[in-house]
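Chemist: how does the following fold in three dimensions:
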Amino acid sequence: MIRTLSTLKVQADLQNGGWEILIHAGHAFDYTIPFRAILAEITEALGQDVATDLDLPPYYADEDFVEGVLRFQSTPLEIYYEYSLGFLSLMNSDADLLHDVLQRLKPHIKVV
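Modeler: Okay, the predicted model is just below:
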């Protein structure tokens with residue numbers, strides 16, 4: 001189960017243009033947030049219906065401001081997470097694609 005502090009939605013990515021699903025996975029500077037485990041759960045949830053591929057840089061202690069890619073229906077979703085603000089973002093220029101991702105993730109999300 002993917003735990004989040006707020007309801008997920010597709011919203012405008014004001015910093016980069018395009019669209020994003022923002023997952024508030026914990027509080028700012030909480031270095032115990034399991035972002036990599038959350039991404040593995042997301043990949044597994046999406047993989048039930050389509051081929052997915054998760055590409056992250058190698059882990060290192062105290063990592064922050066991490067960028068990666070999750071391929072969904074052969075389309076890359078940009079990934080960004082940071083402990084400084086406690087969030088993970090899935091980004092793409094196609095809002096419809098992100099709405100599809102969100103629908104597939106909903107059964108795996110728990111707002112706490």
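Chemist: mind checking how far residue 67 is from residue 56?
Modeler: According to CB to CB, to the nearest Å, residue 67 and residue 56 sit 8 Å apart. The C-beta positions use only the backbone N, C-alpha and C, and glycine is treated the same way.
Chemist: which one of those two is surrounded by more residues?
Modeler: residue 56 (17 against 13; other CB atoms under 10 Å).
Chemist: between residue 67 and residue 56, what contacts are shared?
Modeler: Common contact partners of residue 67 and residue 56 (CB atoms under 8 Å, 6 or more residues apart in numbering): residue 79.
Chemist: could you show me where the strands are in this protein, in order?
Modeler: With DSSP state E, the ranges of strands along the chain come out as 2-4, 10-12, 19-24, 52-55, 66-72, 75-82, 87-92, 109-111.
Chemist: list the buried ones in the longest one?
Modeler: What that stands for is strand 75-82. For strand 75-82, the neighbour count (16 or more other CB atoms under 10 Å) marks 77-82 as buried.
Chemist: which of these sits closest to residue 16?
Modeler: residue 78 (8.0 Å; CB to CB).
Chemist: so where is the protein shaky, pLDDT-wise?
Modeler: 48-52 (pLDDT under 70).
Chemist: now with 50, please.
Modeler: The model of the chain has pLDDT under 50 over residues 48-51.
Chemist: neighbours around residue 103, how many?
Modeler: 9.
Chemist: residue 72 too?
Modeler: Neighbours of residue 72 (other CB under 10 Å): 24.
Chemist: thought residue 1 was touching residue 108?
Modeler: Yes: taking CB atoms under 8 Å as the definition, residue 1 is a contact partner of residue 108 at 6.3 Å.
Chemist: give me the more crowded residue out of these two.
Modeler: Using other CB under 10 Å as the criterion, residue 1 and residue 108 rank with residue 108 on top: 14 against 8.
Chemist: contact partners for the more buried one?
Modeler: 1-2, 41-42, 45.
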